[in-house]
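Could you work out the structure for the sequence below:
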Amino acid sequence: MNRIVGSSLAQPLVVLLLTLLLTGAGARSLQRLPVDAYPDLSPPIVEIVTQWPGHAAEEVERLITVPVELGMNGVPKTANTRSISLYGLSDVVLTFKDGTDNNFARQEVFNRMSDLDLPDGVTPSVSPLSSPSGLIYRYVLQSSDRTPMELKTLEEWTVEPKYRAVPGVADDSGFGGGTMQYQVLLDQAKLAAVGLSAQQVETALAANNGNAGGGFYSQGGQFYYVRGEGRMGTTDDIGNVVLAVHDGTPVLVKDVGRVVIGIAPRLGEFGFEKQDDAVEGVILLRTGEKTQDVLKRVEAKTQELNTQILPKDVKVVPFYDRTDLVAQTTRIVQDNLLRGMLLVVVVLIFFLYDFRAGLIVATTIPLALLFAFICLDLQGASANLLSIGAIDFGILVDAAVVMVENIFRQVAQREGAPLDIRQIIRDAAAEVDRPLFYAVAVIVVSFLPIYVLAGPSGTLFKPMADTMIFALIGSLIVTLTLLPVLCAWFMRKGVREKHNTIFEKLKTVYAKGLDFSLEHAKAVTIASAVLLALSLLLIPRIGAEFMPQLDEGALWVRATMPYTISFDESAKVTPKIRDILRSFPEVTKVASELGRPDDGTDSTGFFNVEFYVGLKPYSQWAGSYRTKAALTEAINKKLQAFPGVIFNYTQPAEDAVDEAETGLKSALAVKVFGPDLDTLQQKGKSIKQVLEHVRGIRDVTLVQELGQPSLAIHIKRDQIARYGLNVSDINGLITTAIGGDVATQVEQGEKQFDLVVRLEQKYRDNPDEIGNILVATPAGQQIPLKQFADISVTNGASFIYREDNSRYIGVQFSVEGRDLAGAVEDAIQQVHSKVKLPQAYRLDWGGEYTEYTASRAQLNVILPLTLALIFLLLFTLYSNFKFPLITVLGVLLSAPVGGIVALWLTGTPFSVSSGIGFLALFGVSVQTAVVYISYVNELRRGGTNLAEAIREGAILRLRPIMMTALVAALGLLPAALATGVGTDTQRPFALVIVSGLFTRLLISIFLMPALYALVARPDDRLEV
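Below is the predicted model:
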């Protein structure tokens, strides 16, 4: 290392040019570096959606879901398979192991889809290549005079194709409005009068809608195609289709029914502000793309649509844009960084009492960051809130502080004497460069175990580890090259160490305390151990959770209504809830999603309504509520006006990730696995009753799988046989006349719309009318359906949930007013003692609790591993076990105390974030011990006796030790105190480091000399 310092001093212009090159390349990388609010925490998934309109959940499970699951069993790298079967829809989700290539996963699924044995006419589809948290843009189509159906048509045929063509966009999914259909509504009496059936009408329409190719001919030297044009294009074309000829008179479609343009049966409805029926578009980010880059393209496409493509009266109006979240988090990070940098510079100038020295040290900060940006750019990585916001400038300048302080002190000692500035700097650097290298290496090592973390915790913290390691390497390079050159330039005329009254008083007080500590070295060590033990007693009161909530600056409110509620009833309640949400001044926009979109990408029913609630920036809140928690509580109180409706509060991206994690609409759930739905429902109710009485458990909801009323038409085979009918004839009647079957498509330019045949509403809106539907027999008779079938109302399954080829029922819940681990572990104990499961049934506590237990197990391995790696590095530095042992012991006895106490005082549960903070704290704390031990060893090698070296080393190294500890602590202090969007995840990390460094400083300046005195012997091997 000293050779590097010497070479830099010998070639200062080269160092300056390399510094300018670093600055330019770093600035360019910073401009290129994409910034996102949070990294994508969800694992690779592939979703297989299959729609089978008109069929019950049990049929969908048996004939679609189970065959799809069996066909996908054994797909390589699959972590689990989940599915949900409900009316007309099967949704199978394959979750793959972390690190699986998304394209590989999708290709494996595509390879097996052709072998699936599914009912005729059923075609499964694979969802777009996007993660659950990939929703980056929501918009609503606004028009002053167009109907929702017209807007839906524009959305489907004009807007969505344009957005899907944007590079980086995985999909644009529409929601709301009515899907346009051409409908033939048959009059049963007229149909019976001419002896026709609904199926015959459907067949005739399909046969009368087509074009033909007739080859070509040549005439007059020209070439002509022959085309037969018979496709229908208007309602008149449809009405004039011939169904039969009676006595020479054609029977037309318009003779037996009405031809109208209507909308398909509604599966859901989108509401926006005061509009009860609006049209929404949801844009998903393609996995692996950079959010900022794609959003810029999307916003440009929005501008193009509004100015050049859409009719003048139609506008795309965005109401959710991930750019806003990125801007808010970036602003918070910038504020924290600037405050942290300012505090660091103030501390440096205060202790050194020299403006030049303080600025020389401070130059390390921007250069180290620029070096990190270059490395991240070369990696093709993106920056996010945690990777940039958790950077501690104090840690980055620690090595620079020790280097410049030692140079400053040695130059000041030669005041008035002839100066060979380069030699003085080289000698001063030689005293600290080796321990500084190892100290930085120890900090780097403390971040390396983060790469062992798997799952969401690894995804969240690995970018932070990348940034910190790159920045630390950059700071060490700058410390060994540029800083000696700057010291040589700006201190060449010498420096005078000014009298710092405050520090001198501190040093006098410290000297007295140090003498006492050295006289009672064992007592000091024991007292430190007792202090640590007392702090450890607080751990049970701290509690634990997987991860602090990532604040998105918005609310996602879920309303769960009775499971059998109709669309019409749910549509009456939804606007009332939306009005209450809009009544709060802190709210900007409110949108509601009732049921599911037509593409089936959200497997739910009319009982489920989800509300996007946009919020003003917290700085603009001037009303009664100052925090999101207080606002949520106030909203919840007002919403209690809807009895029987259960409300749950999350955030837009968090909700999607939670659902992907548990397979349910909740971040926490207990699942009961077993074969029988009745038994599952019974045990689910029992568990729900237990959970409702567990302290801290809130919003307990049983996913009701049974109780869906249905009209069962049980065909009597003996009766249909008497009239020469088949089951398919009756089923065809049910499908076409009652359900409405697609006969063909009607083209309008590039657009295609379904042509549906069914009976008029009055013939199919209750069991009696359905029983009176006439069935045409081969003999020409018209006989009521009730003669051929038993018609009754029965109860069946609303949903059937499955995971890894087994049925389950879910009990969803949340935790409030208590730490997650404590609440769930209490719940597990109570459920285990009060609910007994039959043979072949089992429980699984999933979601966020699973991630917590997995991360806790990983941290239990990582923490000892980190200490072992640190010890190994220290052994390499000192070539004995003695000094590494007291270094690690000194850190363990002093550093955790402040972190534990701070978590307890602030009511912050232990999480992966705080756990990573302890890792970083251990690495930083080792540096101050290394600085002290290496200097004492240097004094002893110079001939100073043991007792004097211990005392003198402690006093002379008090300033650099205080400086390194304080700048490291103060550099993260703004992040530890910050509130608002984007601060929750980094706050526990920063809180642990800041508070731990303060207690480390207060304890270690007395503990380390005491430990050294206890183990040092005259014949020690002394390495520096």
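
helices and strands around the helix or strand where I720 lies, which ones?
According to DSSP states H and E, I720 maps onto helix 717-722. When contacts are defined as 3 or more C-beta pairs under 8 Å, 6 or more residues apart in numbering; DSSP states H and E, helix 717-722 sits against helix 727-733. Glycine gets a C-beta too; all of them are placed from N, C-alpha and C.

which is the next helix or strand following the strand or helix carrying F223?
Taking DSSP H and E as the criterion, F223 maps to strand 222-230. Where DSSP H and E defines the elements, the next helix or strand beyond strand 222-230 is helix 235-239.

Go through the longest helix anywhere in the chain and flag the buried ones.
Longest among the helix segments of the chain by residue count, using DSSP state H, is helix 455-490. For helix 455-490, burial by neighbour count (16 or more other C-beta atoms under 10 Å) applies to 455-488.

likewise stretch 543-562?
If you call a residue buried by 16+ other C-beta under 10 Å, then stretch 543-562 has these buried ones: 543-548, 550-561.

got it, and stretch 357-374?
Neighbour counts over stretch 357-374 (16+ other C-beta under 10 Å) mark 357-358, 360-374 as buried.

Got phi/psi on I646?
phi -100, psi 130 (degrees, to the nearest 10).

whoops, L141 was the one
Backbone torsions for L141, taken as degrees, to the nearest 10, come to phi -80, psi 130.

Now do the helix holding I720, average pLDDT.
Helix 717-722 carries an average pLDDT of 89.

Residues touching that helix, excluding its own?
Helix 717-722 has contacts (C-beta atoms under 8 Å, 6 or more residues apart in numbering) with N726, V727, D729, I730, Q787, F788, A789.

thinking again about what came up before, could you list which of the buried residues of stretch 357-374 belong to strands?
The members of the buried residues of stretch 357-374 all map outside strands under DSSP state E.

can you give me how far the helix holding I720 is from the chain middle?
Put simply, helix 717-722 sits 58 Å off its chain's centre (C-alpha atoms, centre = their mean, to the nearest Å).

Can you give me the buried ones in that helix?
For helix 717-722, the neighbour count (16+ other C-beta under 10 Å) marks I720 as buried.

for stretch 209-227, same thing?
Going by neighbour count (16+ other C-beta under 10 Å), the buried part of stretch 209-227 is N209.

where's it relative to the chain centroid, distance-wise?
58 Å.

which outside residues touch it?
Applying C-beta under 8 Å, 6+ apart, the contact partners of stretch 209-227 are G228, E229, G230, R231, M232, T744, Q745, V746, L755.

mind checking the backbone torsions on the fifth one?
Backbone dihedrals for M232, given as degrees, to the nearest 10, come out at phi -80, psi 140.

Also the fourth one?
For R231, the backbone dihedrals are phi -80, psi 140 (criterion: degrees, to the nearest 10).

Let me know the pLDDT of it.
89.

how many neighbours does it have?
By the criterion of other C-beta atoms under 10 Å, R231 has 14 neighbours.

same check, this time on the fifth one
One way to gauge burial is a neighbour count; for M232, by other C-beta under 10 Å, it gives 22.

Put the buried members of the contacts of helix 717-722 into a PyMOL selection.
Buried residues within these, by 16+ other C-beta under 10 Å, are selected in PyMOL with:
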select buried, resi 729+730+788+789
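
and of the contacts of helix 717-722, the nearest to G696?
In terms of C-beta to C-beta, no member of these lies closer to G696 than A789, at 52.9 Å.

do you know how far that closest one is from A56?
Separation of A789 from A56 (C-beta to C-beta, to the nearest Å): 16 Å.

So the residue in the chain sticking out farthest from the centre versus V194, what's the distance?
What lies farthest from the middle of the chain is D247; by C-alpha atoms, centre = their mean that is 70.0 Å. Distance, D247 to V194, by C-beta to C-beta: 11 Å.

Please apply the same query to V444.
Remark: distance between V444 and V194 (C-beta to C-beta) = 87 Å.

Those two: who's more crowded?
Taking neighbours as other C-beta under 10 Å, V444 and V194 compare with V444 leading, 19 against 14.

The residue lying closest to G595 once chain neighbours are set aside and I1005: what is the separation?
Distances taken as C-beta to C-beta, 6 or more residues apart in numbering place G268 nearest to G595, at 3.1 Å, with adjacent residues excluded. For G268, the distance to I1005 equals 65 Å [C-beta to C-beta].
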